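Chemist: how does the following fold in three dimensions:
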Amino acid sequence: MTSRTDPLTPEQRRYTMRQVHSEDTKPEMRVRRLAHHLGYRYRLHRKDLPGKPDLVFPGRKKIIFVHGCFWHGHDCPAGRKIPKTNQAYWTKKLNRNKERDKLNLEKLKALGWDVLVIWECETRDETALAKRITHFLDDVELK
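Modeler: Sure, this is the predicted structure:
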């Protein structure tokens, strides 16, 4: 029998966590398809750059990260959620993720790259997302 706070057994929880991937996530695939549809060409997951960015536009010297709201601590309902079990572990882990993201962003900017972070929750509105990507990649100011 499982507790009321965690309806999954340890085996189910382990299976669920193993299904989480850092590449080719649904939000990332939405951004990739949209950028390609808009006519932009990119490289994926360049290991030689800090943070191994999701989309790299070498000729434009621009990078797009697609962050999961929970994993990277976005200020939205999904990002503010902390699991009820093992809270000390999760708080420490999620804070480390945010700190690592901040350091990678600083390193990339020092190397001369422009960076756009797209949050998982922002990938649902395709029209707004297309506008944001276009403005970022074409150096147009958002109004």
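
Chemist: distance check, the spatially closest residue to Val66 that is not a sequence neighbour against Asp138.
Modeler: Excluding its sequence neighbours, the residue lying closest to Val66 (Cβ to Cβ, 6 or more residues apart in numbering) is Glu28, at 4.3 Å. Every residue, glycine included, has its C-beta placed from N, CA and C. Glu28 sits at a distance of 21 Å from Asp138 (criterion: Cβ to Cβ, to the nearest Å).

Chemist: could you do Glu122 as well?
Modeler: Remark: distance between Glu122 and Asp138 (Cβ to Cβ) = 19 Å.

Chemist: same question, Met29
Modeler: Applying Cβ to Cβ, the value for Met29 to Asp138 is 23 Å.

Chemist: between Glu122 and Asp138, which is the more surrounded one?
Modeler: Counted by other Cβ atoms under 10 Å, Glu122 and Asp138 do not tie: Glu122 has more neighbours, with 19 against 11.

Chemist: ok, Pro27 - contacts?
Modeler: When contacts are counted by Cβ atoms under 8 Å, 6 or more residues apart in numbering, Pro27 touches 66, 68, 118, 120, 123.

Chemist: quick one: the strands in this structure?
Modeler: 43-44, 55-57, 62-67, 114-119 (DSSP state E).

Chemist: what helices and strands are in contact with the second one?
Modeler: The reference is to strand 55-57. helix 26-37, strand 43-44, strand 62-67 (3 or more Cβ pairs under 8 Å, 6 or more residues apart in numbering; DSSP states H and E).

Chemist: do the last one as well
Modeler: Using 3+ Cβ pairs under 8 Å, 6+ apart as the contact criterion, the neighbours of strand 114-119 among helices and strands are strand 62-67, helix 87-110, helix 126-137.
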